[in-house]
Structure formats: C-alpha cells, structure tokens
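A.B. asks: quick one, structure for this:
(one chain, ligands or ions: 1)
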Amino acid sequence: MKKADPKKIALIAHDSRKNEMVEWATHNKEVLKVHALFGTGTTGKRIATEVGLSVHCFKSGPLGGDQQIGAKISEGEIDFLIFFWDPLSAQPHDVDVKALLRLSVYYNIPIACNRSTADYLITSRLLEGDEFEPETKPGITDEIKSK
Ligand SMILES: O=C(CO)COP(=O)(O)O
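C.D. replies: Predicted structure coming up:
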C-alpha cells in the first residue's frame, strides 16, 4: 500500500466528547502519526500526553483556539477537520464554533463531527493511502482561489 501524502489535520473536541476523541486518536494512531496534527489547547494536549502523538496546540477553544484554526483554514493551511462538538450543551464561544464550521464549509475542507464520519475520513485514500491518485484534492476550490 502506498502511504498517503502527509496532510494537515485539525483535531478538536468539546469537553463531553474529549474522551471519545482520545479513544479515536488512540485507535488510529498509526495513520495519524504520518500527518501533521493541530489542535485546540486542551484537546491537543490530551492527545499529545495520552496518545503520544505530536500535536501543535493552539489556544484553548473558548480563548481563541477555534478562531486560530479558522484562520489557518482560510490560509489553506489545514486539510481536514475532525471536530467532535457537543450537540447538547451551549458553549460560551458558540459564535467561534459556528465561524469555524462556516469557514470549513466555505473552503471545502472535509469535516467530521462524529466518530462514524471520522472513521470514513481516516480510512479514506487521502489519509490512509493506496495506489489510487484522486483527480481532485481537498482544499480551496478554483472559484475561491480566484478571489
Ligand atoms: O472549545 C473547543 C472547541 O470549540 C475545544 O477547546 P479545547 O480543546 O481547548 O477544550
């Protein structure tokens, strides 16, 4: 199997879903370690210490981390977003969460908001790798590039 090109993956989880994220990252450690990992403060630190992966940590989400990752996405510096957000709790930084999801859609970044979608992405050709060369790669569309 041909290895996937290293991608830039952002990993974020709200408090009630952090254990699930750590479990998922542990299960997929061998694939994830090939890629460059980014995370909001608390999520990133937990993945680094509990899973043993190298993660570039931004500020904690409520303190600006979501906005920092959103900025990276707008600069074409993030290829995938795994964001286990909490559908049952109000967040103090809800506007930041919404802005991050909005930019991810706008810049055509593959997003996984639950474990089953994250499983699809992590087992995809783009992240796991094989002989297949996709015709198009995720990222900024031509329409957006021209703006
Ligand atoms: O709040 C978050 C995403 O909106 C996550 O931030 P932390 O990883 O710092 O807890």
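A.B. asks: buried sites along the host helix or strand of residue 26?
C.D. replies: Residue 26 belongs to helix 18-27 when assigned by DSSP states H and E. Of the residues in helix 18-27, those buried by neighbour count under the rule 16 or more other Cβ atoms under 10 Å are 18, 21, 22, 24, 25. No exception for glycine: its C-beta is placed from N, CA and C like everyone else's.
A.B. asks: tell me which of the residues you listed is nearest to residue 9?
C.D. replies: Of all the buried residues of helix 18-27, residue 9 sits closest to residue 25, with 10.2 Å by Cβ to Cβ.
A.B. asks: roughly how far out does stretch 98-108 sit from the chain middle?
C.D. replies: 12 Å (Cα atoms, centre = their mean, to the nearest Å).
A.B. asks: and the closest residue to the ligand within the chain, how many neighbours does it have?
C.D. replies: Of all residues in the chain, residue 61 sits closest to the ligand, at 2.2 Å by Cβ to the nearest ligand atom. Using other Cβ atoms under 10 Å, residue 61 has 28 other residues around it.
A.B. asks: ok, it - contacts?
C.D. replies: 12, 14, 40, 41, 42, 43, 91, 93, 96, 97 (Cβ atoms under 8 Å, 6 or more residues apart in numbering).
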